[in-house]
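Colleague: model this:
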Amino acid sequence: MIGSLMSVKKATIALSVVFLLGIIFYQIVEGWTLIDTIYFSVTTLTTVGFGDMVPTKTVSKIFTTLYSVVG
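Modeller: Okay, the predicted model is just below:
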């Protein structure tokens, strides 16, 4: 029981770090607002991908490819 709770805690921390990394990256590189970066990160990581926001820079496209696989 304790081991499974620790695993859930570790997974939650890992996902939070990935999520925050995306938010910081898109704010800096793409210049998006906080709400836009949260929206894009959630739609990307949940594989919904509405397509209304897209990365415009080459480095952002590469990051997004890796971000979606890791997330």
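Colleague: buried set for the longest helix along the chain?
Modeller: The helix that spans the most residues within the chain, counting by DSSP state H, is helix 2-29. Buried residues in helix 2-29, defined by neighbour count with 16 or more other C-beta atoms under 10 Å: 19, 22-23, 25-26. Where you see a C-beta, it was placed from the backbone N, CA and C, and this is true even at glycine.
Colleague: and that helix, how far from the chain's centre?
Modeller: 9 Å (C-alpha atoms, centre = their mean, to the nearest Å).
Colleague: now do stretch 32-52
Modeller: On C-alpha atoms, centre = their mean, the centre of stretch 32-52 falls 8 Å from that of its chain.
Colleague: Any chance you could list what contacts that stretch?
Modeller: 18-19, 22-23, 26-27, 30, 53, 64, 67-68, 71 (C-beta atoms under 8 Å, 6 or more residues apart in numbering).
Colleague: In JSON lines: those residues, plus pLDDT and distance to Val42.
Modeller: Formatted as JSON lines, the contacts of stretch 32-52 follow (pLDDT from 0 to 100; distance: C-beta to C-beta, whole Å):
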{"residue": "Val18", "pLDDT": "95", "distance to Val42": "12"}
{"residue": "Phe19", "pLDDT": "95", "distance to Val42": "8"}
{"residue": "Gly22", "pLDDT": "97", "distance to Val42": "9"}
{"residue": "Ile23", "pLDDT": "97", "distance to Val42": "10"}
{"residue": "Tyr26", "pLDDT": "98", "distance to Val42": "12"}
{"residue": "Gln27", "pLDDT": "98", "distance to Val42": "15"}
{"residue": "Glu30", "pLDDT": "98", "distance to Val42": "16"}
{"residue": "Met53", "pLDDT": "96", "distance to Val42": "11"}
{"residue": "Thr64", "pLDDT": "96", "distance to Val42": "13"}
{"residue": "Tyr67", "pLDDT": "96", "distance to Val42": "12"}
{"residue": "Ser68", "pLDDT": "93", "distance to Val42": "12"}
{"residue": "Gly71", "pLDDT": "86", "distance to Val42": "10"}
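Colleague: In a markdown table: these, plus distance to Thr12.
Modeller: Shown next, in a markdown table, are the contacts of stretch 32-52 (distance: C-beta to C-beta, whole Å):
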| residue | distance to Thr12 |
| --- | --- |
| Val18 | 11 |
| Phe19 | 10 |
| Gly22 | 16 |
| Ile23 | 16 |
| Tyr26 | 22 |
| Gln27 | 23 |
| Glu30 | 26 |
| Met53 | 26 |
| Thr64 | 23 |
| Tyr67 | 18 |
| Ser68 | 19 |
| Gly71 | 13 |
